[in-house]
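Chemist: Turn this into a model:
(chains A and B)
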Amino acid sequence: MKQDLYAIYSIWLREMLRFFRLKSRLFGSIASPFFFLAFLGIGFGNGASMPGIPSGVGYVSFLTPGIIGMTLLFSATFAGLSVLWDREFGFLKEIMVAPVSRIAIVLGRTAGGLTTGILQAVIILVSGILLGMTMPSLAGFLLSLVFMILIAATFIGLGLAFASKMEDMSGFSLIMNFLIFPLFFLSGALFPLDRFPAAIKALAYFNPLTYGVDGLRYSLIGTSALSPVADFGILGVSCVAMLFLGAYLFETTEVR
Amino acid sequence: MARIEKVNDITSGIGPVHEPQPLQARDGAAISMHGLTKRFGGMTAVDHIDLEIKKGELFGLLGANGAGKSTIIKMLTTMLKPTAGEARVWGHDVAKERNEVRSSIGVVFQDPAVDSMLTGRENLDFHGRMYGMDGPLRQKRINEVLELVDLTEKADIKMKDYSGGMQRRLEIARGLMHYPHVLFLDEPTLGLDAQTRRYIWQYIRNMNKEKGVTIILTTHYMEEADALCDHVAIIDRGKIVALDTPSNLKDMIGSDTVSLEVQSGAEALMLCLRSFPWIKSTVAANGILELMVDHAQSRIPEIMQEANKCGATITSVGLHKPTLEDVFLKYTGRKIRETGGAASLMGAMMMHRRRG
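Modeler: Just a heads-up that it's a prediction; the model follows:
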């Protein structure tokens, strides 16, 4: 038990060292959500009203929680998939041969991904405020952290599940283009789900990020399409399910 | 991360290696395999291996690339699950008691397994925590093993700036850091220059002889197995084809070969040499006379005198003692790799002729 706690800390610490040492990764991962936020926010203008957005809510206010969701989606999936990098560069063997429970390894990685993901999300939140988003209340900010954790953990689990089943990085762009981007566009992050035809809108309800973004909107700007309790419940269930799936598949992985 | 302060009481080398063990773990073999098998799809990489390795041994698995050595190591270190059969390491089943196995072993994998973005010390620090060491113990051990492999000076450099040899040494240091009972070294000197290789051989020998760590190493370098190992198993296509001490294996090959390049009088010389009972056989081909002789180095003067008497002109003399390379060739019918030098090339040619 004590050893497992050491292991969780050790894996988390390594993620931190790597994250802050790889400056290009830090800026690279924050750049694309920032550009989405800045260009869409400035382009559409904060005052312009879009059908489906409640009146009195500026577009930047509406967009920022969506881009926070995007940031978390990308950084968390990457954190889960980073097992692939470790597999490629051999370090996975050093981790797997250690006498610690596999669940501790998964928890360490999750803790690392959560920390880096939420750090980036907060940077995006601050950028949004600077670009004209209405200032959230402290309680709203704290509640948004809960949703951030749930979103990040969900997609870390997803990334882990994929990484455990993939032998190399060849499937990486496939996952990016056919999973991550559709999840992003189908989450209502950029515009209200009501703009979609009914069939596509129905699809969005199978996307955990939809509930995450909606929950973030409730927390940060006080408006949401769904009930925040439902957001929390559904996202919570998908989070636990994805983490278990990721942990289970990781447990069974072999290191050639 | 904070730079770890150097502690003052650096003990020379590694202290008492093993903490007290339960009795049943002291008895019996360090490693035992029964019918151990691994298949990848339709390909059988390891085929019903039965093998026992005693505690305190320095044991070598010798084989060509792809013979199945690394797969055996990966099963013994719980990285791969056996398809069939069973194996025990330090008394623990590799399939059912994986954590106990992991606690007993240290592993240096064939391919690099370090985080190159971290410094050497940070890699060791990571390792120490993963093996449950608290701060003071971790620092003490880190300094110990760094000293052991002469990397104290380079400890705070990122590992991407390490040379291949330094990286290998750090990995060996890491494998030893938690005082394992059994240390697995998968091709420990692959791709290293001759000098670094000798250093690493020295570390390995010290670990085994002075600290009593049981060591299993795989190699496809004959001279490495010969120089280091108490026992050698030759692996070919997933099976053990020979198992003994290096010297016994070489004795099985038989006598030394003296090859004489004869400019003139070869026929006469052959007749003359027939009178010596210690010459076991003679073969003449292309102006080269090959004699099979035990302890050949002490017989060469007699042979030269005899040649003078018979009036034969010898332009050069070659002596070849059996090597593990010859043993390997005998058991597998193939050479293990590109040859290391003229001597082994000569040996291989002779073996070829002898067989032909």
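
Chemist: Mind splitting chain B into its structural domains?
Modeler: B:28-249, B:251-355 (automatic domain parsing).

Chemist: Once you drop chain neighbours, what's closest to the residue positioned nearest the centre of chain B?
Modeler: For chain B, the residue sitting closest to the mean C-alpha position, by C-alpha atoms, centre = their mean, is residue B:225 at 3.4 Å. In this structure, residue B:225 finds its nearest non-sequential neighbour in residue B:60, 4.2 Å apart by C-beta to C-beta, 6 or more residues apart in numbering or on different chains. To be clear about C-beta, it is placed using only N, CA and C from the backbone, and glycine gets the same treatment.

Chemist: So what pairs up with the one you found in the strands?
Modeler: With DSSP bridges applied, residue B:60 shows beta-bridge pairing to residue B:217, residue B:232.

Chemist: isn't it right up against residue B:217?
Modeler: Yes - counting by C-beta atoms under 8 Å, residue B:60 touches residue B:217, with 5.6 Å between them.

Chemist: Just want to know which of the two has more residues nearby.
Modeler: Here residue B:60 and residue B:217 are compared on neighbour count by other C-beta atoms under 10 Å in any protein chain shown; more neighbours surround residue B:60, at 28 against 25.

Chemist: Run through the residues that contact the more buried one.
Modeler: Residues near residue B:60 by C-beta atoms under 8 Å, 6 or more residues apart in numbering or on different chains: B:216-219, B:224-225, B:228-229, B:231-233.

Chemist: Residue A:52 should be in a strand, yeah?
Modeler: No - counting by DSSP: H, G, I helix; E, B strand; the rest coil, residue A:52 is not found in a strand; it is coil.

Chemist: Give me the mean pLDDT for the helix or strand containing residue B:71.
Modeler: Residue B:71 belongs to helix B:69-76 when assigned by DSSP states H and E. For helix B:69-76, mean pLDDT rounds to 94.

Chemist: Show me the shaky parts of the chain.
Modeler: No chain was given, so I picked chain A. Judged by pLDDT under 70, chain A has its weakly predicted residues at A:47-49.

Chemist: ah, no, chain B please
Modeler: Filtered on pLDDT under 70, chain B yields the residue ranges B:1-27, B:335-356.

Chemist: got the residues of it near chain A?
Modeler: Within chain B, the positions lying close to chain A (C-beta under 8 Å from any C-beta of the partner chain) are B:1, B:74, B:77-81, B:99-100, B:102-103, B:105, B:107, B:109, B:111-118, B:122, B:126-127, B:129-133, B:174.

Chemist: All the helices of chain B, in order from the start?
Modeler: B:23-26, B:69-76, B:98-104, B:120-130, B:135-148, B:164-176, B:194-211, B:222-228, B:246-253, B:266-273, B:300-310, B:324-332, B:342-355 (DSSP state H).

Chemist: before we move on, what SS does residue A:187 have?
Modeler: Note that with three-state DSSP, the state of residue A:187 is coil.

Chemist: Neighbours of it, how many?
Modeler: 23.

Chemist: Was I right to think it contacts residue A:210?
Modeler: Yes - using C-beta under 8 Å, residue A:187 is in contact with residue A:210, at 4.9 Å.

Chemist: Which neighbours do the two have in common?
Modeler: residue A:204.

Chemist: quick one: the strands in the stretch 51-200 of chain A?
Modeler: Read by DSSP state E, counting those that start in this stretch, the stretch 51-200 of chain A holds no strands at all.

Chemist: sorry, back to before: could you pull up the residues touching the residue nearest to the centre of chain B?
Modeler: With C-beta under 8 Å, 6+ apart, residue B:225 has these contacts: B:60, B:62, B:219, B:232, B:246, B:324.

Chemist: count of residues packed around the fifth one?
Modeler: Translated: residue B:246. By other C-beta under 10 Å, the residues close to residue B:246 number 21.

Chemist: gap between the closest residue to it other than its chain neighbours and chain A?
Modeler: With C-beta to C-beta, 6+ apart as the criterion, residue B:246 has its nearest non-adjacent residue at 4.8 Å, and that residue is residue B:226. For residue B:226, the distance to chain A equals 28 Å [C-beta to the nearest C-beta, to the nearest Å].

Chemist: Please identify the deepest-packed of the domains of chain B.
Modeler: Greatest average neighbour count among the domains of chain B goes to domain B:28-249 (a mean of 20), per mean count of other C-beta atoms under 10 Å in any protein chain shown.

Chemist: Helices of chain A, start to end?
Modeler: Here chain A has its helices, by DSSP H, at A:2-21, A:23-35, A:41-44, A:59-89, A:91-96, A:102-130, A:138-165, A:172-175, A:181-185, A:198-204, A:208-221, A:228-251.

Chemist: I'd like to know which of the ones you listed is closest to chain B.
Modeler: Nearest of those to chain B, taken as C-beta to the nearest C-beta: helix A:2-21 at 3.5 Å.

Chemist: list the contacts for residue A:250?
Modeler: Applying C-beta under 8 Å, 6+ apart, the residues near residue A:250 are A:83, A:102, A:105-106, A:160-161, A:163-164.

Chemist: wait, what's in contact with residue 33?
Modeler: Unless you meant another one, I'm taking chain A. A:67-68, A:70-71, A:74, A:120, A:124.

Chemist: ah, no, chain B please
Modeler: Residue B:33 sits next to B:49-52, B:72, B:76, B:85-88 when contact means C-beta under 8 Å, 6+ apart.

Chemist: likewise residue B:317?
Modeler: B:258-261, B:300, B:304.

Chemist: Next, format the residues you listed as a markdown table and append distance to residue A:134.
Modeler: Compiled in a markdown table, those are given as follows (distance: C-beta to C-beta, whole Å):
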| residue | distance to residue A:134 |
| --- | --- |
| B:258 | 96 |
| B:259 | 93 |
| B:260 | 99 |
| B:261 | 96 |
| B:300 | 98 |
| B:304 | 103 |
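
Chemist: one step back: what's the overlap in contacts for residue B:60 and residue B:217?
Modeler: B:224, B:228-229.

Chemist: Would you reformat those residues as CSV and include distance to residue A:9?
Modeler: CSV is the format used below for the shared contacts of residue B:60 and residue B:217 (distance: C-beta to C-beta, whole Å):
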residue, distance to residue A:9
B:224, 39
B:228, 38
B:229, 39
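
Chemist: now, among these, which is nearest to residue B:179?
Modeler: residue B:228 (20.7 Å; C-beta to C-beta).

Chemist: Residue B:145: what's its closest spatial neighbour, skipping adjacent residues?
Modeler: That would be residue B:173: by C-beta to C-beta, 6+ apart, it lies 3.8 Å from residue B:145.

Chemist: ok, that neighbour touching residue B:146?
Modeler: Yes - Residue B:173 is in contact with residue B:146 according to C-beta under 8 Å; the separation is 6.4 Å.

Chemist: overlap in contacts of these two?
Modeler: Both residue B:173 and residue B:146 are contacted by residue B:124, under the criterion C-beta under 8 Å, 6+ apart.

Chemist: can you count the residues close to the closest residue to chain B within the stretch 151-256 of chain A?
Modeler: Closest approach between the stretch 151-256 of chain A and chain B, counting by C-beta to the nearest C-beta: residue A:255, at 4.5 Å. Neighbour count of residue A:255, defined by other C-beta under 10 Å: 18.

Chemist: May I have the phi/psi pair for it?
Modeler: Dihedral pair for residue A:255: phi -110, psi 100, per degrees, to the nearest 10.

Chemist: For it, give me its contacts.
Modeler: Residue A:255 neighbours (C-beta under 8 Å, 6+ apart): A:87, A:92-93, A:96, B:74, B:79-80.
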